[in-house]
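Asks: take a look and give me a structure for this.
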Amino acid sequence: MHHSVNYRSVVVHGDAELVTDAREKTRVLGALVDRVGTGRSAQCRPPTAKELAATSVLAIDLAAETSDVALKARTGGPSDDEADLGLTYWAGVVPVRLATGTPQPECDLPIPDGLAPTFG
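Replies: Next up is the predicted model:
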């Protein structure tokens, strides 16, 4: 009867503003790329003016009165009924984790620092 999934979820409602300043767009996009690998944006060529023009970046002030942020999370083990605990059916947690794999280079250049596989 009981099947549960541990999760984390964030929902943001707010008034988004289009980021039009090229420097700010470049900074925000660089921060996003740096989530893939530490310092990765500094290891890549900067975006061209054409690429920036073709990419939209939206910003939401999370502290604004018109914004609403909701976080939901579930952690822990199963919630079996007391009567089920004595049965021989397995219950527990199967951890699932997202991890980067081994980088697959497109050319013969060495893999940059910060792109080594991580597990956790």
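Asks: state which helix of this structure is the longest.
Replies: With residue count as the measure and DSSP state H as the assignment, the chain has helix 22-34 as its longest helix.
Asks: which residues of the protein score low on pLDDT?
Replies: In the predicted model, the chain carries pLDDT under 70 at residues 1-2, 116-120.
Asks: spell out the residue ranges of the helices in this structure.
Replies: Remark: helices of the chain, listed N- to C-terminal, are 22-34, 49-53; assignment by DSSP H.
Asks: between these, which one is nearest to residue 76?
Replies: helix 22-34 (31.7 Å; Cβ to Cβ). For the C-beta atoms, the positions are set from N, CA and C on the backbone; glycine is no exception.
Asks: tell me the spacing between residue 21 and residue 113.
Replies: Here residue 21 is placed at a distance of 30 Å from residue 113 (Cβ to Cβ, to the nearest Å).
Asks: no, scratch that, I was asking about residue 47
Replies: 22 Å.
Asks: so which of these two has more stuff around it?
Replies: Counting neighbours by other Cβ atoms under 10 Å for residue 47 and for residue 113 shows that residue 47 has the greater number, 18 against 11.
Asks: I'd like the helices of the chain laid out as a markdown table, including mean neighbour count.
Replies: What follows is these, written out as a markdown table (neighbours: other Cβ atoms under 10 Å):
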| stretch | mean neighbour count |
| --- | --- |
| helix 22-34 | 14 |
| helix 49-53 | 11 |
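Asks: thanks a lot, catch you later.
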